[in-house]
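Student: Only the shape, not the letters, is given here:
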């Protein structure tokens, strides 16, 4: 443990919770608004749940500084973003929670380490592990749960879950919202425009209603194309979001909701790709220089599109003793382009990776007032995906990798809680998971006359048709103690898993012949998580404090390593173990009637506790050493927010807020890059991450005029992954000024 002072403060908070009252004097200020969440499948105060939850309300999400869902991670203790190349969905904006996330193994396969839900319905996409490509417009709340959630939710998400709740249909009152705005970067460029709105209509009062939302957003970007000064749209992005939500309540005990959403985003160069330079505060990209890319984009400028549709059905029934819920979800990624150039390895890539996933979930949640509570659920999903990828390697020439994948999974899960006394509650949960998958495909060289985007009819490099299956059982147990009405202490232990990485039959044969089959894990990557935390509401509700300590013990993390075996040169393998220690602190305080502050901090420490035998795997990445650290996370994160509001004499309300977030440097590492020649060491990010966002406005009646500044300090350090010393990396968007006008009659 590298934070002994923090650990002592944490223990002090557990043993002497009442002492924290001294942090705030008695005052006459109004109480901090109680935040209600549904993280436990029941509506409860966030301060009464025995797990770490961060809730971001609608009022915060409506500000321009939180345009994307990924923007809210600045408010989450211990969250690290930009751990992959690319700063926006779908370019690969990964997230790391408690030292574990999308690039922890960087070898593909398995379920998403961070689960995503929209209106409690899982959003699963087997062709990516990044967040859904939606903005925050007309979202009611976002809840971030840290740690394994498999016994409460259908996904066995090992790192945590992000739950996005869209605004509900109002069945009794008609209303509408209109929004328009503009933005401009300090470094110049075109103006970005936003316009859209929401219409809510009761069709049959208190029985049937519809809510329709639409938003168009243009971001002019902040990149330049070297040698092409006339191109001022290198990173321009246009996104259209549409949602239709229909709710029918035939009685007080039944509710049916249908939702259809569409997200369509057009890019030119994907942020973080085709980079030549970024050390002067501007991301400089190069135009396409190879005939391979010019055949599709003759003007030398890449174009990319992402079009995703999301359709759901939700039925809720109040049975008296329990709530019964059935949900259906369909994620249809119609188009997802990845057209780009990588100058590190001399590769031009043209790709489209569509996918479709259908989920079904049924669950019952008890509602009785007795000491016993329970949750029981069943979830299944069926996924199909395509990988249509066409490469031009400087060393190999043109070839294609076309693949099809399918995956089916079912899960049974449940939890029990029992109140032993007025102050002590025990809880436990169990989850079983069973999945089957099939991957097939063919790699082929391009023959003369083949179109650049296939099919290729030349030499076949290889084919595969590999079935796969995986099952596991995970659990969660714990105890909650409430020594006083205003506080609780809890201890929990839970497990989770990620499916073992799939290895082709040809590679398995090669390993068998070399007597190395034990390198490939037959079982899942396992996580055992122990969490102890405390929450206190003090000073008549004006002070809320949370401390969390979590220890995650990982076994068989998949690492890609090179082997001196023909036809099996680089394979994901197990036998890498690690411990992850996290301390998370949250403080929310009302200083006066008008001023409040919120602090969220995360402190993460990792230690590699096991690696493969060097005598058997001589080319294992040397950066990952026994007793050393893991990679791609920020050891410390801090976020400080201040919120001010004041009623004016004319009946208007003035408000202002600011958030400063910082993350320490990450030790960036790509196991794929290591296979291609760089085994020795981590590549530390050139800079830590810093972001200051400011927002101010005036509300009167239904009008809201807001002026915001993002990246107010104009921070331009390279804070993301870099593949070589001195190479280009991701940088923040330059300082931007946003003007937004909203008329809200909902």
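Tutor: Yes, it's here. Since we're looking at a predicted model, the values are computed, not measured. Numbers count the residues shown, from 1 in each chain.

Student: okay, CA-based contacts and neighbour counts for the rest of this
Tutor: OK.

Student: Quick check: residue 740 vs residue 180, distance?
Tutor: Counting by CA to CA, to the nearest Å, the gap from residue 740 to residue 180 is 6 Å.

Student: Looking at these two, which is more packed in?
Tutor: Higher neighbour count among residue 740 and residue 180: residue 740, with 21 against 17, using other CA atoms under 10 Å.

Student: thought that one was touching residue 178?
Tutor: No - assessed by CA atoms under 8 Å, residue 740 is found out of contact with residue 178, at 10.6 Å.

Student: quick one: secondary structure of the closest residue in space to residue 534 that isn't next to it in sequence?
Tutor: Leaving aside its sequence neighbours, residue 534 sits nearest to residue 489 (CA to CA, 6 or more residues apart in numbering; 4.3 Å). Assigned with DSSP: H, G, I helix; E, B strand; the rest coil, residue 489 falls in the strand class.

Student: Tell me who's in contact with residue 489.
Tutor: Shown in contact with residue 489 (CA atoms under 8 Å, 6 or more residues apart in numbering): 14, 50, 480, 481, 482, 532, 533, 534, 535.

Student: Closest one to residue 557 out of these, please.
Tutor: residue 532 (24.3 Å; CA to CA).

Student: quick one: contacts for that closest one?
Tutor: Counting by CA under 8 Å, 6+ apart, residue 532 has contacts 489, 490, 491, 492, 548, 549, 550.

Student: wait, what's in contact with the closest residue in space to it that isn't next to it in sequence?
Tutor: Excluding the flanking residues, the one nearest residue 532 by CA to CA, 6+ apart is residue 491, at 4.4 Å. Residues counted as contacts of residue 491 (CA under 8 Å, 6+ apart) are 478, 479, 480, 530, 531, 532, 533.

Student: Quick check: bridge partners of residue 491?
Tutor: Taking DSSP bridges as the rule, residue 491 bridges to residue 479, residue 532.

Student: Show me the beta-bridge partners of the closest residue to residue 79 other than its chain neighbours.
Tutor: Spatial nearest neighbour of residue 79, chain neighbours left out: residue 97 (5.0 Å); criterion: CA to CA, 6+ apart. Beta-bridge pairing for residue 97 (DSSP bridges): residue 100.

Student: Tell me the confidence at residue 97?
Tutor: On the pLDDT scale, residue 97 is placed at 80.

Student: Show the contacting residues for it.
Tutor: 78, 79, 80, 114, 146, 147, 159, 160.

Student: Equivalent analysis for residue 119, please.
Tutor: 163, 164, 165, 166.

Student: that older thread, could you dump the contacts of residue 97 to CSV with neighbour count and distance to residue 288?
Tutor: Putting those into CSV (neighbours: other CA atoms under 10 Å; distance: CA to CA, whole Å) gives the following:
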residue, neighbour count, distance to residue 288
78, 30, 38
79, 28, 35
80, 29, 32
114, 29, 35
146, 24, 42
147, 28, 43
159, 26, 38
160, 26, 39
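
Student: Residue 586: which of those residues is nearest?
Tutor: residue 78 (10.9 Å).

Student: Pull up the gap between the closest one and residue 497, please.
Tutor: Applying CA to CA, one obtains 21 Å for the distance of residue 78 from residue 497.

Student: cool, and residue 730?
Tutor: In this view, residue 730 and residue 497 are 31 Å apart by CA to CA.

Student: repeat for residue 427
Tutor: Distance, residue 427 to residue 497, by CA to CA: 21 Å.

Student: the more surrounded of those two?
Tutor: In this view residue 427 and residue 497 are compared by other CA under 10 Å, and residue 497 has more residues nearby, 26 against 19.

Student: Nearest residue to that one in space, please, no chain neighbours.
Tutor: Residue 497 sits nearest to residue 526 (CA to CA, 6+ apart), 4.5 Å away.

Student: which stretches of this structure form helices?
Tutor: 4-15, 58-61, 291-294, 505-513, 671-675 (DSSP state H).

Student: Closest one of the contacts of residue 97 to residue 46?
Tutor: Distances from residue 46 to these, taken by CA to CA, are shortest for residue 146, at 13.3 Å.

Student: ok, and the closest non-adjacent residue to that closest one?
Tutor: Using CA to CA, 6+ apart, the closest residue to residue 146 is residue 160 (4.3 Å).

Student: Thought residue 115 was touching the one you found, still the case?
Tutor: Yes - counting by CA under 8 Å, residue 160 touches residue 115, with 6.4 Å between them.

Student: ok, back up a step: return the closest of the contacts of residue 489 with respect to residue 637.
Tutor: residue 533 (18.5 Å).
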